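[1] Model the structure of this input:
(one chain, ligands or ions: 2)
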Amino acid sequence: MLILEGMGTSRGIADGKILIIESENNPPKILDAVNCEEELQKFYTAKELAKSQLMALCKKASQEVGDETATIFEIHTMMLNDTDFQEAVEARIREHHNSAEYAVYLIGREFARNFSQMNDSYMKERAADVIDISHRMIHILTGSSEKPLENMPGTVVIAAEDLMPSQTIQLDKKKIVAFITRNGSQASHSSILARSLGIPSVAALGTGFAKLNNGDYVIVDGLDGTVIIDPDVITNAQYTVKKHALTEHEEKLKALKGTSAQTKDGYKIELCANIGHPDDILSVLENDAEGIGLFRSEFLFLGRNDFPAEEVQCEAYASVLEKMGGKRVVVRTLDLGADKQASYRNIPCEDNPAMGYRAIRMQLDRTDLFITQLRALYRASVHGRLAIMFPMITSVNEVQLIKKLCEEVKKDLTQEGIPFSDCVELGIMVETPAAALTADRLAAEVDFFSIGTNDLTQYTLAADRMNSKVAYLYDCGHPAVLRMIRYITEQAHKHGIWVGICGESAADLSLTQYYLRFGVDELSVSPPAVLELKEKIQSLELATLMESIDNTLD
Ligand code: PEP
Ligand code: MG
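    Numbers count the residues shown, from 1 in each chain. Ligands and ions are numbered 1, 2, ... in the order given. Below you'll find the predicted structure:
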């Protein structure tokens with residue numbers, strides 16, 4: 001038996017066998033070749049197979065989504081045929097005796113770096129193509145699958161260095177009982193996904209992660225943040241008792257359905273849920289959420305070969321609105337970039353992606369794509385109560401540009417005789433210090449604010465939300481973050497608009513009293529966290545806490 005210590009990022013206890021998902025950014029396992037001629041042969045065979053895969057994808061794309069996407073695969077085929085690339089890989093194998101996969105990995109990175117340093121913006125974008133081709137070749141050469149759970153018979157505990165949204169989208173969630181990561185934190189994507197699935201996760205295992213092997217039997221304790229490899233009989237028995245107590249508590253929470261999220265002395269707050277996929281709605285309704293405070297629309301854009309068409313998007317939004325009846329659904333427009341990459345978007349590598357070309361910046365640059373999403377949303381708005389929210393706002397100017405585009409979309413739809421609701425609310429995520437500190441001006445422009453504490457915390461404290469080495473600094477309860485939330489709420493209310501929190505800290509029970517004291521109107525958390533948060537709110541008597549809360553911040 002071996003106990004690994006990490007950070008519990010989603011409550012619960014589960015057990016199962018480990019399946020390790022390799023990061024696409026890591027070097028392949030086999031670095032050196034035994035026989036160069038064999039490696040060269042492997043490389044040529046893989047190249048032919050990659051070409052035939054690309055030709056099939058090109059044909060499929062031109063039939064299903066149009067020629068623009070098909071062109072991407074043509075470009076990839078041309079690059080694969082490029083003699084410079086081929087010669088460089090051959091030289092690496094012959095001169096350094098590298099395995100074919102490692103040679104492709106190294107040369108792919110070198111070529112991508114060269115492209116990304118070019119001045120011409122078209123050539124810069126080719127860096128992502130080279131990386132994509134390298135991944136395809138490495139998958140073929142190592143026999144690894146892009147959909148690792150596809151042929152798994154049973155359930156597994158997923159273990160990874162870190163999981164990107166583009167990877168999690170490919171996973172069959174029904175087969176996962178827990179997540180374990182070497183890196184990551186409370187706000188990393190596998191943690192968020194685990195919480196929304198209601199399964200345990202442990203992040204930041206650090207060097208202990210190396211002790212895990214495929215097929216190991218483990219217990220994952222998301223409460224204590226431990227992973228127990230090959231537990232002994234006594235430990236197994238202790239965990240059976242612990243699991244039983246958890247189930248009993250969950251049963252008790254069910255009795256809170258239908259009751260109000262109100263403190264003992266009458267302070268009320270709206271409790272909503274965050275979702276990343278329409279399938280999550282079942283859990284939203286089961287846990288009695290009053291609406292959807294954040295619907296991350298990225299699921300529509302990841303794990304596919306091109307941007308989804310207006311029709312596809314409209315159907316997805318409409319089905320969520322319908323299923324939620326008249327309850328409010330806040331859909332966030334596309335938040336791609338930084339840690340959420342769609343390979344077909346071909347974003348060149350950036351030195352500081354979290355501060356780079358992402359979210360609304362990308363949308364306002366590619367207004368054609370933005371307008372498609374806005375049209376789909378307005379068209380869907382007749383099916384329920386829609387609010388649209390824009391991510392990563394830093395200025396009033398951005399909001400005014402967005403509002404202008406919304407007006408244009410509405411005008412076009414009217415001219416085309418397509419119906420849409422007049423009551424769509426427009427709001428912004430307040431997740432940059434710039435937006436927080438200009439909340440007074442931004443509040444005059446929109447119908448609501450939703451505070452994204454995941455990003456607001458990382459930008460305010462200069463602590464990367466994905467980096468476990470600085471996780472000790474990443475503190476949503478830091479006075480700087482809490483003061484901002486207080487200020488944002490004051491300004492929102494001065495302008496008569498509502499304010500919610502949709503970052504993960506909305507579910508942090510040690511902060512609930514602060515949010516209530518500030519007068520935040522809504523908290524939006526993963527569906528399985530709704531009832532526990534309600535229990536916490538109902539246990540508080542706010543009047544007795546106000547003075548000490550104010551003292552800690554002033
Ligand atoms: C946030 O930043 O708090 C947020 C909700 O957005 P995301 O986690 O998707 O960046
Ligand atoms: Mg964010």
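[2] okay, CA-based contacts and neighbour counts for the rest of this
    Noted.
[3] count of residues packed around the residue lying closest to V409 once chain neighbours are set aside?
    Closest residue to V409 apart from its sequence neighbours, by Cα to Cα, 6 or more residues apart in numbering: R375 at 6.1 Å. A count of nearby residues for R375, using other Cα atoms under 10 Å, gives 22.
[4] per-residue confidence for R375?
    Per-residue confidence (pLDDT) for R375: 98.
[5] Next, the contact list for it, please.
    Residues in contact with R375 (Cα atoms under 8 Å, 6 or more residues apart in numbering) are E310, V409, K410, L413.
[6] L386 versus the last one, what's the distance?
    Spelled out, it's L413. 17 Å (Cα to Cα, to the nearest Å).
[7] go on, the first one?
    The span separating E310 from L386 equals 17 Å under the rule Cα to Cα.
[8] more neighbours, these two?
    Set E310 next to L386 and count neighbours by other Cα under 10 Å: L386 wins out with 27 against 17.
[9] any idea how far the more buried one lies from R332?
    Applying Cα to Cα to L386 and R332 gives a distance of 11 Å.
[10] Then A210?
    Counting by Cα to Cα, the gap from A210 to R332 is 37 Å.
[11] ok, these two, which is more surrounded?
    Per other Cα under 10 Å, whichever of A210 and R332 has more neighbours is R332, with 20 against 10.
[12] quick one, what contacts the residue nearest to that one when sequence neighbours are not counted?
    Closest residue in space to R332, ignoring its immediate chain neighbours: M389 at 4.5 Å, by Cα to Cα, 6+ apart. Each residue near M389 by Cα under 8 Å, 6+ apart is listed here: V330, V331, R332, T333, L426, G427, I428, M429.
[13] Just to be sure, M389 is in a helix?
    No - under DSSP: H, G, I helix; E, B strand; the rest coil, M389 sits outside any helix and is assigned strand.
[14] The closest residue to A316 other than its chain neighbours: how many residues sit nearby?
    Nearest residue to A316, sequence neighbours excluded (Cα to Cα, 6+ apart): P278, at 7.4 Å. P278 has 18 neighbouring residues, counting by other Cα under 10 Å.
[15] for A273, same thing?
    30.
[16] which parts of the stretch 101-250 of the chain sit against ligand 1?
    Applying the criterion Cα under 6 Å from any ligand atom, no portion of the stretch 101-250 of the chain neighbours ligand 1.
[17] Run through the strands of the stretch 101-250 of the chain in chain order.
    Applying DSSP state E, counting those that start in this stretch to the stretch 101-250 of the chain gives strands spanning 156-160, 176-181, 201-203, 217-221, 226-229.
[18] got the ones you listed as TSV, with distance to S144, mean pLDDT and mean neighbour count columns?
    Shown next, in TSV, are those (distance: least, Cα to Cα, whole Å; pLDDT from 0 to 100; neighbours: other Cα atoms under 10 Å):
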stretch	distance to S144	mean pLDDT	mean neighbour count
strand 156-160	15	93	24
strand 176-181	19	94	27
strand 201-203	24	94	34
strand 217-221	22	97	24
strand 226-229	25	96	23
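[19] so which of these gets nearest A439?
    Among the strands of the stretch 101-250 of the chain, the nearest to A439 by Cα to Cα is strand 201-203 (33.5 Å).
[20] Show me what that closest one is packed against.
    strand 7-10, strand 176-181, helix 189-197, strand 217-221 (3 or more Cα pairs under 8 Å, 6 or more residues apart in numbering; DSSP states H and E).
[21] what is the mean pLDDT for the third one?
    When pLDDT is averaged over helix 189-197, the result is 85.
[22] what comes into contact with it?
    Contacts for helix 189-197 (Cα under 8 Å, 6+ apart): 9-11, 162-165, 168, 178-179, 184-186, 200-203, 274-275, 280, 504, 526-529.
[23] angle of it against strand 156-160?
    For helix 189-197 against strand 156-160, the angle between stretch directions is 150 degrees (axes from the mean of the first three to the mean of the last three Cα atoms, to 10 degrees).
[24] send the alpha carbons of helix 189-197 over as CSV?
    Output of helix 189-197 as CSV, limited to C-alpha atoms (Å, rounded to 0.1, in the frame of the first residue of the first chain):
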residue,chain,number,x,y,z
HIS,A,189,-10.3,22.0,-15.9
SER,A,190,-10.2,18.4,-14.7
SER,A,191,-11.2,19.7,-11.2
ILE,A,192,-14.1,21.7,-12.7
LEU,A,193,-15.2,18.7,-14.8
ALA,A,194,-15.0,16.4,-11.8
ARG,A,195,-17.2,18.7,-9.7
SER,A,196,-19.7,19.0,-12.4
LEU,A,197,-19.8,15.2,-12.8
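[25] That one: how far from the chain's middle?
    9 Å (Cα atoms, centre = their mean, to the nearest Å).
[26] relative orientation of that helix and strand 176-181 in degrees?
    Using the same axes, to 10 degrees: helix 189-197 against strand 176-181 is 150 degrees.
[27] Name the residues of stretch 231-248 that come out as buried.
    P231, Y239, K243 (16 or more other Cα atoms under 10 Å).
[28] tell me the contacts of the second one?
    Just to be clear, that refers to Y239. Y239 neighbours (Cα under 8 Å, 6+ apart): none.
[29] How about the residues of this structure by ligand 1?
    E431, G452, T453, N454, D455, C502, G503.
[30] The fifth one: helix or strand, and which one exactly?
    Secondary structure here is read from DSSP states H and E; on that basis D455 sits in helix 453-461.
[31] in this structure, which helix or strand is least confident?
    In the chain, the helix or strand scored least confidently by mean pLDDT, DSSP states H and E is helix 165-168, which has a mean of 68.
[32] Give the ranges of residues in the stretch 1-150 of the chain that sit below the confidence cut-off.
    Within the stretch 1-150 of the chain, the ranges that satisfy pLDDT under 70 run 24-25, 61, 63-70, 121-122, 124-125, 145-150.
[33] Looking at it, which residue is nearest ligand 1?
    Going by Cα to the nearest ligand atom, ligand 1 is nearest to T9 of the stretch 1-150 of the chain, at 14.1 Å.
[34] What is the neighbour count of the closest residue to I402 other than its chain neighbours?
    Residue nearest to I402 in three dimensions, not counting chain neighbours: L364, with 7.8 Å by Cα to Cα, 6+ apart. The tally of other residues near L364 (other Cα under 10 Å) stands at 17.
[35] Report the secondary structure element holding L364.
    Applying DSSP H and E, one finds L364 within helix 359-365.
[36] ok, back up a step: give me the helices and strands touching the helix holding D455, please.
    Against helix 453-461 (3+ Cα pairs under 8 Å, 6+ apart) you get helix 433-437, helix 479-494.
[37] Perfect, that will be all.
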